[in-house]
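Asker: Need the 3D shape of this:
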Amino acid sequence: QTCALPICRNEEICINKPNNFLIRMKIKMFMLAALAAFATLAGCSDDENKTTGGTINPPVKPSEYEATFKSTSYYSTTVTIKAITENAKWKDYMASMWESSFLKATIPGTTPNELAEGIINYYKINYAGATMEEIFNALTMDGALSGLTPKTIPLSNLTPNTEYSIVIAGIDKTGKIVANGMVATFTTKALPDFEAQDCTFDWSFTDTKSMSVKMKFTPSNKEVPYFSYIMTRTDYASMFSSSPAQLKENMASYVAQLSKAYESSVTEFVKARKMTDETEFLITSLTPGTNYVVFVCGIDDYGRATTDVSVKEVTTAQYSASDATTESVKVELFDGDAASNINSSMYPPKTFAGGWFLRFSPVFSENCSKNWMILVTENDLSSKSDGDVLVEIINKGNIVNVNPVAVAQIPQNITAYAYIVAQTEEGEPGNIFRCPGFEVKESNLSSMDDLFPDMNSQNGTASVALSSVGKMRPTTVGATKVVSVL
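Answerer: Numbers count the residues shown, from 1 in each chain. Down below sits the predicted model:
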């Protein structure tokens, strides 16, 4: 099987990885994150304990839009936005959702049009170097928000008992307000009464390696569900002032952010990760030689801490190559159009057509797990140590469990560098295999005979969508109250 991967260019984070919610990301990555958020919003909902809700703040000027809400729950609602004037029907519009309190504290202005202008200026200031075209595309989803037809959008992964504001206004590509806006507000439903649990935890680290930490938990009450996670000591200090009490107070918000990063609802995230009784717990994909904080606490179905939070510090070991060895790697360049024409099911046009792709076929030693890591980049990391390269791979690369893998839509006339690491069954990294720089040019294209050895039957190496294989998952999540751009 071949797995299609994105190439990691310069300092950009690979787009297949969940974003880390840091407010000062680059505008290009912000746009990609916004697009991903829109796709998520369009496909997720939380139907439990539905109620109808939402109110509209009256604008100073007659609004050219209306917004209605329905099925408002703890973590979700559904909004329908409609242009109600002929002028607005022929205009693109922005729809930016914020926690109401954060909007009031951050964006100057009292009228909807002033707030819309303030949001545009906010992006100009906070995403230095972004063009107005990029900001327009981010706010309107490349023109997908148009007044021609009403838009019904489910909104998920919200915080319970919180008021949100959606600032809506018609804008042109220069950022000028061209249709009078509105601010639509709604408040998510408050969670049920909280029930604290009487439970403490006897726990310790049983094994600490360069990329993993194993713990053993013994709760005093074996019926109480509990949850454990890890973050760097730096994040613990900046987000929670190194205070277990602050972490406990903000646990529901933190779990909500984690669920976004893992692309699931809060209830799904908690259900998949809560534990009971005595348990051994392994956290992998950590960074070698890094100071971490691990916490454990009781948890309810809504991500609230039901007990005090117990916190311990741990430092991962420095990188030392295990016996999981990458012995060789074959690198080939193919024409995506030709591959798709021969077999579109193996090489879907949506992924491969219109460009070239690199295929990597590593050979591993016998004692390697199925999981391995790869980073493909334009940056030559030859001056970096193996330990530094491993950090780059962990932060920007991919974890895959198929072989070979492909990087689709590779830019032409570049030199691509690949760095590959095998893993033991325990998740420990082996040697850093540094593929020589590969020049992506026409003279290096391999023939379709190499991709399809039996042309008559069109047999080849099937491609697997990236979503069907393992991805790097965040070990820490930063906080921001800007929810999304619709």
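
Asker: which residues of the stretch 201-350 of the chain score low on pLDDT?
Answerer: Along the stretch 201-350 of the chain, no part satisfies pLDDT under 70.

Asker: Run through the helices of the stretch 301-450 of the chain in chain order.
Answerer: Secondary structure of the stretch 301-450 of the chain by DSSP state H, counting those that start in this stretch: the helices cover 336-342, 349-352, 386-396, 448-451.

Asker: Sort out which residues of the second one are buried, please.
Answerer: Meaning helix 349-352. Thr351, Phe352 (16 or more other C-beta atoms under 10 Å). All C-beta spots, glycine's among them, are computed from the backbone N, C-alpha and C.

Asker: With Ser63 as the reference, name the closest of the helices of the stretch 301-450 of the chain.
Answerer: In terms of C-beta to C-beta, the element of the helices of the stretch 301-450 of the chain nearest to Ser63 is helix 349-352, at 38.7 Å.

Asker: for the helices of the stretch 301-450 of the chain, which one sits closest to Thr159?
Answerer: Nearest of the helices of the stretch 301-450 of the chain (C-beta to C-beta): helix 386-396, 27.9 Å.

Asker: what pLDDT, on average, does that closest one get?
Answerer: Helix 386-396 shows a mean pLDDT of 92.

Asker: Could you shift the numbering so residue one becomes 27, and keep it that way?
Answerer: From this message on, residue numbering opens at 27, which makes the last subject helix 412-422.

Asker: chain center to that helix: distance?
Answerer: 19 Å (C-alpha atoms, centre = their mean, to the nearest Å).

Asker: ok, residues contacting that helix?
Answerer: 34, 39-40, 237, 311-315, 344-345, 347, 399-401, 403, 407, 410, 445, 447, 455, 457-458, 460, 498 (C-beta atoms under 8 Å, 6 or more residues apart in numbering).

Asker: Mark which of the residues you listed are buried, thanks.
Answerer: 34, 39-40, 237, 311-314, 345, 347, 399-401, 403, 407, 410, 445, 447, 455, 457-458, 460, 498.

Asker: picking up where we left off before, now go through the contacts of helix 412-422 and say which are in strands.
Answerer: Judged by DSSP state E, the subset of these located in strands is Met399, Ile400, Leu401, Thr403, Tyr445, Val447, Pro455, Asn457, Ile458, Arg460.

Asker: Setting aside sequence-adjacent positions, which residue approaches the last one most closely?
Answerer: In space, Arg460 comes closest to Tyr445 once its chain neighbours are excluded; the distance is 5.8 Å by C-beta to C-beta, 6 or more residues apart in numbering.

Asker: Now do the contacts for the one you found.
Answerer: Listed by C-beta under 8 Å, 6+ apart, the contact set of Tyr445 reads Ile400, Leu401, Thr403, Leu407, Val415, Glu418, Ile419, Gly423, Ile458, Phe459, Arg460, Cys461.

Asker: what about it, distance to Ser354?
Answerer: According to C-beta to C-beta, to the nearest Å, Tyr445 and Ser354 sit 14 Å apart.

Asker: Look at Val281 and give its secondary structure.
Answerer: Look at Val281: counting by DSSP: H, G, I helix; E, B strand; the rest coil, its state is helix.

Asker: show me the residues around it that make contact.
Answerer: Phe253, Val292, Phe295, Val296, Ile325, Gly329.

Asker: ok, the last one - how many residues close by?
Answerer: This means Gly329. Using other C-beta atoms under 10 Å, Gly329 has 25 other residues around it.

Asker: Cool, thanks, talk later.
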